[in-house]
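Trainee: next input, structure requested:
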Amino acid sequence: MGDGRVLFQEFLRAPTRVATVTASSNALVDALLAPHRLDGSPTVVELGAGTGRVTDALQHRLSGTGRHLAVEINPVLADRLATRHPAVTVVCADAARLPDVLREHGIDRVDAIVSLLPWAAYAVVPVPAMAARALAPSGTFTQATLRGFHLLPPARRQARDLRAAFGTLTASPTIWQNLPPARVLIAREPRSAAS
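Mentor: Okay, here's the model as predicted:
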């Protein structure tokens with residue numbers, strides 16, 4: 001069964017956890033990864049890995065170097081991802097467990113965090129603060145967001161929390177090639193990196 005069909009079925013089973021019916025476009029994936037320095041041997045965390053569009057691109061860009069940990073709450077998607085990418089450490093867990101997951105895998109700090117988590121995750125997990133604590137001082141956090149929803153309370157809370165956890169927050173131009181159109185929030189200078 002194809003990724004699109006599996007994604008749609010999993011969305012129907014748990015719409016607040018899967019939160020999308022379409023895979024990310026190549027343009028969105030590129031925008032999510034472009035802000036990150038992936039040279040050398042970085043440690044990269046992917047939150048909400050889904051069907052693996054970002055995973056595929058990260059593995060291509062890492063070219064066998066570094067360490068890649070993908071966190072996906074949906075067991076069907078996590079299992080498919082682990083089968084497709086044996087070099088990736090795929091963890092079937094809620095993003096709220098990220099500090100424990102990093103500790104269990106002997107990771108103190110990461111260089112990049114790429115997030116496709118839905119707003120619902122932000123309502124129960126302090127994602128920005130958690131990401132800032134996990135990142136090295138030079139680390140970057142990127143988050144996919146839907147275009148045109150920036151005035152809704154969850155989006156305003158997300159931006160406020162990112163500004164509190166990071167010294168710099170910018171947004172990409174609208175990615176019209178994505179369905180629905182999206183932007184990428186880019187957070188740098190994690191405030192908790194020194195703690």
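Trainee: centroid residue for this protein?
Mentor: For the chain, the residue sitting closest to the mean C-alpha position, by C-alpha atoms, centre = their mean, is Ser115 at 1.5 Å.
Trainee: hang on, it packs against Gly48?
Mentor: Yes. The pair Ser115 and Gly48 passes the contact test of C-beta atoms under 8 Å, sitting 6.2 Å apart. Any C-beta I mention is one placed from the backbone N, CA and C, and that applies to glycine too.
Trainee: and the residue nearest to the centre of the chain, how far from Gln143?
Mentor: 5 Å (C-beta to C-beta, to the nearest Å).
Trainee: before we move on, the earlier item: anything in contact with each of Ser115 and Gly48?
Mentor: With contacts taken as C-beta atoms under 8 Å, 6 or more residues apart in numbering, Ser115 and Gly48 have Ala95 as neighbours in common.
Trainee: how far off centre is the longest helix along the chain?
Mentor: Secondary structure of the chain per DSSP state H: the longest helix is helix 153-165. Once both centres are worked out by C-alpha atoms, centre = their mean, to the nearest Å, helix 153-165 turns out to sit 16 Å from its chain's centre.
Trainee: same thing with stretch 66-80?
Mentor: Distance of stretch 66-80 from the chain centroid (C-alpha atoms, centre = their mean) equals 11 Å.
Trainee: list the contacts of Ala82.
Mentor: Residues near Ala82 by C-beta under 8 Å, 6+ apart: 88, 90.
Trainee: swap in 7 Å and give it another go.
Mentor: Val90 (C-beta atoms under 7 Å, 6 or more residues apart in numbering).
Trainee: quick one: list the elements packing against whichever helix or strand comes after the longest helix of the chain.
Mentor: Sequence order places strand 166-171 as the next helix or strand after helix 153-165, per DSSP states H and E. Using 3 or more C-beta pairs under 7 Å, 6 or more residues apart in numbering; DSSP states H and E as the contact test, the elements touching strand 166-171 are strand 182-190.
Trainee: alright, that wraps it up for me.
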